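Visitor: The sequence and its predicted three-dimensional model are supplied below.
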Amino acid sequence: MALLPGNFRVARSVLPILFAVVLSFVLFYGYTIQSGGDALHLPSIPFIKPKPTDRRPPTTYAPPTYKPTPTWTPAAVTDPFPLLATSTATPPPIPEYNIPRPNLHVEYGLDGIPPLYIGFTRQWPMLLQAVVSYITAGWPAESIYIVENTGVHNSNRDGKLSLQNPFYLNHTTLKRLGVNVVQTPVLLSFAQLQNFFLHEAYQHEHPYYFYSHQDAVVFSFEDGPDNTHRPGDGEWQFYDEDDKEEIMLPPSARQSGYRTIYENCLRELNQTVERGERWGIRWFQYDHLALVNREAMEAVGGYDTMIPYYISDCDFNGKLLMDGWTTKHRRVGIINDISSVMTDLGALYRLPHITPSFSDPNPLPPAVEAKIKSDKEKAAKEAEEKTAIDKAAKLAEAVNPPPVKRNTTTMPADPVEYFRILNQLGIDMGQHKYRDKDNLRNTWQTAQRGGVGEPFHYDAVGFGKAFEILTEAGKGVYREKWGHRDCDLALGTALRLEDQWRVEKDWEKPKEEPKKEPEKKEGR
């Protein structure tokens, strides 16, 4: 019995060791169950079981031959609005003169605010730039609807995609800006997306709506008249001389009668409806910003979804004109067709510590860019040598003053003076997009190439290639449908709406039937 106290002391010293062993066994057993028995591979942080690199069953076939690795890839994209990156951030105030008046739509005889739909599939920085430009130009955020057409279902809403993923979209940032997000059930083509806008208009009883593209930066006429012709500007159409003067000579931001791009759009809608026309579309820089009459879309059957991408607009516009619905190019503001992104979107809020600048999210290889620049300089020099400066050129210089020189150290505190610098930046961005005519218009679409391993990942280069294939297929459908190749169905042919799929190709000569030899009569 004298040994019991000692044994008890030994037992007490062993208890922590036994407890540690049992705890280790319990944790090991729990992890084994969670990891499907693969307990030899320790979990990474966060606690996610690593995916096997190859789950393919064994095969006896030879491995595939891979395409060459690209020698040039775009740099990683960056967040263009770092101010909203923190969890407690709120957007800065917009210029006071661009704040929309409450119930402005009522002043223009409208029962509700027509929505502005902006479709999005890929390249988040471009979308964010477009949205911020609309808001700071005076468009009410609550009437902007981002239609997320990514095909990744709830992955963006649940924060599962990274910035480098082409289909990344930040719901939190858009919510902070005050805009709405609508998700399509699956990835839609351009034609299907247009019909989805129509669907939304039906569901919410909007007889009219606006839509825009994400590769646009818009401004109001803050500095008054703007005579710069931008790529994408149409030949503006006017009802009379008074209408022309009011549109082309708008008051500036601090003058009586100043209207934002949003107010001009409401005015245009009111004026169009009151004129009683059978109208279909109003283009404000083709469809970089457009106003749609739901009744007209319904009358011609909407967009033909068998023509998924480019030239589907030619089909739709042709149907409108054939059926007697008017389309007009009207001017409501400054719209820049761009392919680049401002370095910091805080500039659109006129923050004086930010100097406006932009970068190309998908620049060409340096050698190619250098050749384009050299060719342009050579062409400009040849034109200068052949054409003397005459009175017309001097007059043009008076109407369109030389570009504003950007101060790289300090920015003006006055928002209108700041606007002049932003306006010139927008012009520069448009010229950059068309620096090689139309050949580089869509390079921005393949800028982001990350996201491997994330939900619903799709190879970015492959997506672009598939887009091109589907576009060409759609052009083939268009040609067969109308027997015509060009984008002038109503103005360049005698086709009628009911002629779809019923006519021969107009670029091919009709085949002549072989002449029959006269029958020889046998003599009696």
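Guide: Yep, it's here.
Visitor: In three-state terms, label residue 416 for me.
Guide: Following DSSP: H, G, I helix; E, B strand; the rest coil, we place residue 416 in the helix state.
Visitor: need the contact list for it.
Guide: Counting by C-beta atoms under 8 Å, 6 or more residues apart in numbering, residue 416 makes contact with 222-223, 252-254. (Glycine included, C-beta is placed from N, CA and C.)
Visitor: If we use 6 Å, what do you get?
Guide: Neighbour list for residue 416: 222, 253 [criterion: C-beta atoms under 6 Å, 6 or more residues apart in numbering].
Visitor: One more: residue 215?
Guide: 126, 338.
Visitor: how about low-confidence regions in the stretch 101-250 of the chain?
Guide: The model of the stretch 101-250 of the chain has no residue with pLDDT under 70.
Visitor: which residues of it fall in strands?
Guide: 116-120, 144-148, 180-183, 208-212, 216-219 (DSSP state E, counting those that start in this stretch).
Visitor: Dump the fourth one to PDB, keeping only the CA atoms.
Guide: Once non-C-alpha atoms are left out, strand 208-212 reads as follows in PDB (Å, rounded to 0.1, in the frame of the first residue of the first chain):
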ATOM      1  CA  TYR A 208     -39.400  52.100 -73.600                       C
ATOM      2  CA  TYR A 209     -35.800  51.400 -72.500                       C
ATOM      3  CA  PHE A 210     -32.200  52.400 -73.100                       C
ATOM      4  CA  TYR A 211     -29.300  50.100 -73.500                       C
ATOM      5  CA  SER A 212     -25.600  50.700 -73.700                       C
END
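Visitor: just the helices in the chain please.
Guide: Assigned by DSSP state H, the helices in the chain fall at 4-34, 104-107, 124-136, 171-177, 190-203, 241-248, 261-275, 294-299, 312-322, 366-386, 391-399, 415-433, 460-482.
Visitor: so can I have a markdown table of those helices showing distance to residue 91?
Guide: Below are the helices of the chain laid out as a markdown table (distance: least, C-beta to C-beta, whole Å):
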| stretch | distance to residue 91 |
| --- | --- |
| helix 4-34 | 43 |
| helix 104-107 | 20 |
| helix 124-136 | 8 |
| helix 171-177 | 6 |
| helix 190-203 | 25 |
| helix 241-248 | 31 |
| helix 261-275 | 17 |
| helix 294-299 | 32 |
| helix 312-322 | 33 |
| helix 366-386 | 34 |
| helix 391-399 | 36 |
| helix 415-433 | 15 |
| helix 460-482 | 30 |
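Visitor: For these, which has the smallest mean pLDDT value?
Guide: Among the helices of the chain, helix 391-399 carries the lowest mean pLDDT, at a mean of 46.
Visitor: Who are the contact partners of residue 160?
Guide: residue 455.
Visitor: can you tell me how far it sits from residue 447?
Guide: 20 Å (C-beta to C-beta, to the nearest Å).
Visitor: Ok, residue 276 next?
Guide: 46 Å.
Visitor: Between those two, which has more neighbouring residues?
Guide: Shown here are residue 276 and residue 447; by other C-beta atoms under 10 Å, residue 447 has more neighbours (25 against 7).
Visitor: was I right about the more buried one contacting residue 362?
Guide: Yes. When contacts are counted by C-beta atoms under 6 Å, residue 447 is listed as touching residue 362 (3.9 Å).
Visitor: any common contacting residues for those two?
Guide: With C-beta under 6 Å, 6+ apart as the test, residue 447 and residue 362 both reach residue 74.
Visitor: so who does the nearest residue to residue 449 once chain neighbours are set aside touch?
Guide: Excluding the flanking residues, the one nearest residue 449 by C-beta to C-beta, 6 or more residues apart in numbering is residue 460, at 4.3 Å. With contacts defined as C-beta under 6 Å, 6+ apart, residue 460 is in contact with 166, 446, 449.
Visitor: neighbours around the last one, how many?
Guide: Other residues within reach of residue 449 by the criterion other C-beta under 10 Å amount to 19.
Visitor: and it, what pLDDT?
Guide: Predicted confidence (pLDDT) at residue 449: the value is 85.
Visitor: Likewise for the second one?
Guide: Confidence per residue is given as pLDDT, and for residue 446 that number is 73.
Visitor: Could you double-check that it sits in contact with residue 464?
Guide: Yes. Here residue 446 lies in contact with residue 464, judged by C-beta under 6 Å, at a distance of 4.7 Å.
Visitor: So which of those two has more stuff around it?
Guide: Taking other C-beta under 10 Å, residue 446 and residue 464 do not tie; residue 446 has more neighbours (20 against 16).
Visitor: From residue 362, how far out is that one?
Guide: Distance, residue 446 to residue 362, using C-beta to C-beta: 6 Å.
Visitor: Residue 264 too?
Guide: Between residue 264 and residue 362 the computed distance is 33 Å (C-beta to C-beta).
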